[in-house]
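A.B. asks: heads up, no residue letters with this:
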Ligand code: GLV
Ligand code: MN
Ligand code: MN
């Protein structure tokens, strides 16, 4: 069914307009979840939706659902979604492409006057990135019942501001109960965030699943004191153990070629040039496509940290797991529909497993779900340099359009076989 196509120029211009909100000097975007910039981005998106007469429902965790009605109003909606929040000083495409390609599908159906049986929706999930509030994929997790709403509302950012306060500030507390807004199936387009499609000259990644992720807080506690008078031998300095702790984490990341280990954040407290820090906090992100290997990585890191703690006189070293996102398998039929669409349009495609976390991981536990990847230059993401070309973005949106038409039930385009 390759008869209809999206307007790639409109999609690109919307991507560039959205990137202006929270634009950074180095060409990226900075819209941390539930910040004023994030809200401004949502307002711009909703203005585009209102212009086309699409209706909006939001829930108490701030997820937005924009609907184009179907012929059968009671039919479960086909939802296309992703997120508009970004990493700190992040890129212009991570998440945003999926949301704006969803809007592009709705607008294309509207432009062409194509009636679908089921309603088609665009979902904007709150706090996918997990950079400001942990864990990541929060809004979709609450929607799917993985995280209780009350637990998510109580999460605070580094300056102590809770999720609930920001949701109230923007009026989301008046939304519907999370999960009460039903979705029948789910599609998400995303940049690959890795180098494979580009290296192989492919246009479309048929995402069959996602790797498992575990996040940790690695905390070292000693005693804060003056940098001058206190003799070295009398200090309880947690930073003395930083190199050994980091070495343990990175060794975990060499379990095999698919293993990943990252220390993304290192903070000392009080963080003053002339104070021996009393505390050292590290974030640790471990990933592996095989759940049992990730379990072994978890075990060896926990054991290594316990041994380090035993040997570290005067400093307490602890490792707390704060999030586990298990391995995900997407719906085989929907993945096949993505594959067929790419083949029918002549887009070179390959199957792949997602290295990054996505809202689709939660949705896949609740409804049939699939993801489509497009290349991203140099495999670079979570970086202002993140880039996918206009024709690549349009190709991904065309695949979304084809699969949406199939799921939502639409007449075959003129001149094509049904
Ligand atoms: C989400 O961006 C993740 O993979 O951490
Ligand atoms: Mn993303
Ligand atoms: Mn991201």
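C.D. replies: Structure's in. What do you need? These numbers were taken from a predicted model, which means no experiment stands behind them. Ligands and ions are numbered 1, 2, ... in the order given.
A.B. asks: who in the protein is up against ligand 2?
C.D. replies: The chain comes close to ligand 2 at residues 94-95, as judged by Cβ under 5 Å from the ion. To be clear about C-beta, it is placed using only N, CA and C from the backbone, and glycine gets the same treatment.
A.B. asks: Just want to check the distance between the residue in the stretch 151-300 of the chain that ligand 2 sits nearest to and residue 400.
C.D. replies: Nearest residue of the stretch 151-300 of the chain to ligand 2, counting by Cβ to the ion: residue 190, 5.8 Å away. As for residue 190, its distance to residue 400 is 11 Å (criterion: Cβ to Cβ, to the nearest Å).
A.B. asks: Spell out which residues are contacts of both of the two.
C.D. replies: residue 372 (Cβ atoms under 8 Å, 6 or more residues apart in numbering).
A.B. asks: Comparing those two, which residue is more hemmed in?
C.D. replies: When residue 190 and residue 400 are compared for neighbours, residue 190 comes out ahead with 29 against 25, by other Cβ atoms under 10 Å.
A.B. asks: Pairing partners for that one in the sheet, please.
C.D. replies: Counting by DSSP bridges, residue 190 is bridged to residue 373.
A.B. asks: Can you name the residues that contact it?
C.D. replies: Neighbours of residue 190 in contact, by Cβ under 8 Å, 6+ apart: 82, 94-95, 97-98, 354, 356, 358, 371-374.
A.B. asks: and residue 361, how many neighbours?
C.D. replies: With other Cβ under 10 Å as criterion, residue 361 counts 29.
A.B. asks: Next one: it, what pLDDT does it get?
C.D. replies: With respect to pLDDT, residue 361 scores 98.
A.B. asks: Thought residue 126 was touching residue 42, still the case?
C.D. replies: No: Residue 42 is beyond contact range of residue 126, at 9.4 Å (criterion: Cβ atoms under 8 Å).
A.B. asks: Let me see the ranges of the helices in the stretch 301-418 of the chain.
C.D. replies: Secondary structure of the stretch 301-418 of the chain (DSSP state H, counting those that start in this stretch): helices at 332-345, 359-366, 390-408.
A.B. asks: Looking at these, which is nearest to ligand 1?
C.D. replies: Closest of the helices of the stretch 301-418 of the chain to ligand 1 is helix 359-366, at 9.4 Å (criterion: Cβ to the nearest ligand atom).
A.B. asks: can the contacts of residue 190 go into CSV with extra columns for neighbour count and pLDDT?
C.D. replies: Output for these, formatted as CSV (neighbours: other Cβ atoms under 10 Å; pLDDT from 0 to 100):
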residue, neighbour count, pLDDT
82, 27, 98
94, 27, 98
95, 28, 98
97, 28, 98
98, 32, 98
354, 24, 98
356, 20, 98
358, 30, 98
371, 30, 98
372, 29, 99
373, 30, 98
374, 28, 98
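A.B. asks: one step back: closest one to residue 293 among the helices of the stretch 301-418 of the chain?
C.D. replies: Checking these against residue 293 by Cβ to Cβ gives helix 359-366 as the closest, at 18.2 Å.
A.B. asks: Mind listing what's buried along the closest one?
C.D. replies: Residues of helix 359-366 classed as buried by neighbour count (16 or more other Cβ atoms under 10 Å): 359-364, 366.
A.B. asks: Tell me the one among the residues you listed nearest to residue 302.
C.D. replies: Nearest to residue 302 among the buried residues of helix 359-366, with distances taken as Cβ to Cβ, is residue 361, at 23.9 Å.
A.B. asks: Would you check that that closest one makes contact with residue 323?
C.D. replies: No: the criterion here is Cβ under 8 Å, and residue 361 misses it with residue 323 at 11.8 Å.
A.B. asks: okay, residue 42 and residue 126: which has more neighbours?
C.D. replies: residue 126 (32 against 23).
A.B. asks: what about that one, which SS state?
C.D. replies: Three-state call for residue 126 (DSSP: H, G, I helix; E, B strand; the rest coil): coil.
A.B. asks: any idea how far it is from ligand 2?
C.D. replies: Remark: distance between residue 126 and ligand 2 (Cβ to the ion, to the nearest Å) = 13 Å.
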